[in-house]
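1. Just the structure for this:
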Amino acid sequence: MSAPGHRLGLLYAVLGAVGFSFKAILIKLAYPYGVDAVTLLALRMAMALPFFILLGWQDARTQTRPPLSLRDYGWMLGLGFSGYYMASYLDFAGLQYISAGLERLILFAYPTLVVVFSALFLKKPITGRALVSIALCYSGIGLAVAHDFEVAGDMQSIIIGGLLVFGSAVSYALYLMGNGQAVVRLGAARVTAWASGAACLFCLIQFALTRPLASLAQPTPVLLLGAAMAIFSTVLPVWMVSEAMRRLGAARVSLIGTLGPVITLFLGWLILAEPLGIYQLAGGALVLAGVMWVGKKG
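-> Prediction:
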């Protein structure tokens with residue numbers, strides 16, 4: 001990998017983390033209007049689907065690639081189900097119970113899960129650099145959100161929301177492993193278009209089976225928040241993360257994604273008035289140190 005390509009991969013990974021991190025803020029802003037997780041997720045994916053169709057069409061028009069095999073179609077459906085349907089639904093559901101900051105703590109178990117799953121299933125060794133990065137990042141994440149456990153109050157909500165979000169982390173880690181393998185063979189745009197398009201359809205099918213169509217008639221702020229989630233926290237970061245994984249690999253990108261809790265903690269404080277103190281700031285510094293360490297080439 002050339003130095004410019006490596007730097008571009010790092011930029012994509014960081015911008016993808018920013019986009020995904022803002023999603024939790026947008027979700028928390030929408031819930032006071034009375035929308036539920038299934039309906040909000042359907043709005044997000046319905047608005048994102050045309051962009052993924054356009055991405056797939058553009059890739060097919062400009063790239064000469066062999067047609068997808070039945071195995072490839074199955075692979076895309078599996079990635080869509082695990083990564084941007086199941087992971088998204090469990091995350092949306094969990095945010096009904098816990099704060100955005102606590103959600104980031106639990107969700108960002110996924111980088112360590114990717115490293116561990118890669119070692120178990122793909123026989124990829126866990127390097128010393130990865131171990132140091134994990135130690136720095138997760139020490140920082142734990143320190144940054146420790147205060148949330150003290151102020152959350154309702155232990156039952158913490159347990160329910162925490163389990164839902166941890167399930168999201170597991171599902172997303174499995175997606176990253178599969179995506180990293182598929183992108184190298186099929187291309188980032190093609191994988192993004194097909195897998196994410198499949199996820200959109202899964203979400204819309206769930207909505208159609210469990211909610212009346214009239215539920216989509218939401219207040220204007222909810223529709224605007226759904227559009228922001230579709231563009232800035234779905235379409236753009238999905239593509240950026242796929243491109244970053246093509247250049248850097250799934251394990252490194254997932255560790256760079258630990259910028260997410262720092263971003264979400266700051267935005268939660270700024271927009272949602274969630275607590276932010278010295279422990280959160282010190283934890284953020286450790287996370288940044290871990291990200292810089294794993295992002296260093298060599």
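
2. how about Leu41, what does it touch?
-> 88-89, 92, 203, 206-207 (CB atoms under 8 Å, 6 or more residues apart in numbering). (C-beta placed from N, C-alpha, C; glycine too.)

3. in which helix or strand would I find it?
-> helix 37-62 (DSSP states H and E).

4. tell me, which helix in this protein spans the most residues?
-> Once the chain is assigned using DSSP state H, the helix that runs over the most residues is helix 155-186.

5. measure the residue nearest the centre of the chain to Ala182 for me?
-> Central residue of the chain (CA atoms, centre = their mean): Phe20, 5.2 Å from the mean position. Distance, Phe20 to Ala182, by CB to CB, to the nearest Å: 19 Å.

6. Could you do Ser69 as well?
-> 12 Å.

7. who's more crowded, these two?
-> The neighbour comparison of Ser69 against Ala182 (other CB atoms under 10 Å) goes to Ala182, with 22 against 9.

8. Just to check, the more buried one is in contact with Ala189?
-> No: assessed by CB atoms under 8 Å, Ala182 is found out of contact with Ala189, at 11.9 Å.

9. The helix or strand Leu136 falls within - what's its average pLDDT?
-> Assigned by DSSP H and E, Leu136 falls within helix 128-151. In this model, helix 128-151 has a mean pLDDT of 75.

10. was I right about Gly162 contacting Ile106?
-> Yes: in this structure, Gly162 is within contact of Ile106 by CB under 8 Å, at 5.5 Å.

11. Name the spans of the stretch 51-200 of the chain whose pLDDT lies under the cut-off.
-> Residues of the stretch 51-200 of the chain meeting the criterion pLDDT under 70: 144-154, 180, 184.

12. Which residues are in contact with the residue lying closest to Ile98 once chain neighbours are set aside?
-> Counting by CB to CB, 6 or more residues apart in numbering, Ile98 lies nearest to Gly161, which is 3.6 Å off, once chain neighbours are set aside. When contacts are counted by CB under 8 Å, 6+ apart, Gly161 touches 94-98, 102-103.

13. hmm, back to that, how about the residue nearest to the centre of the chain: what's its closest non-neighbour residue?
-> Of all residues not flanking Phe20 in the chain, Pro237 sits nearest, at 5.0 Å (CB to CB, 6+ apart).

14. what's around that neighbour, how many residues?
-> Neighbour tally, Pro237, other CB under 10 Å: 24.
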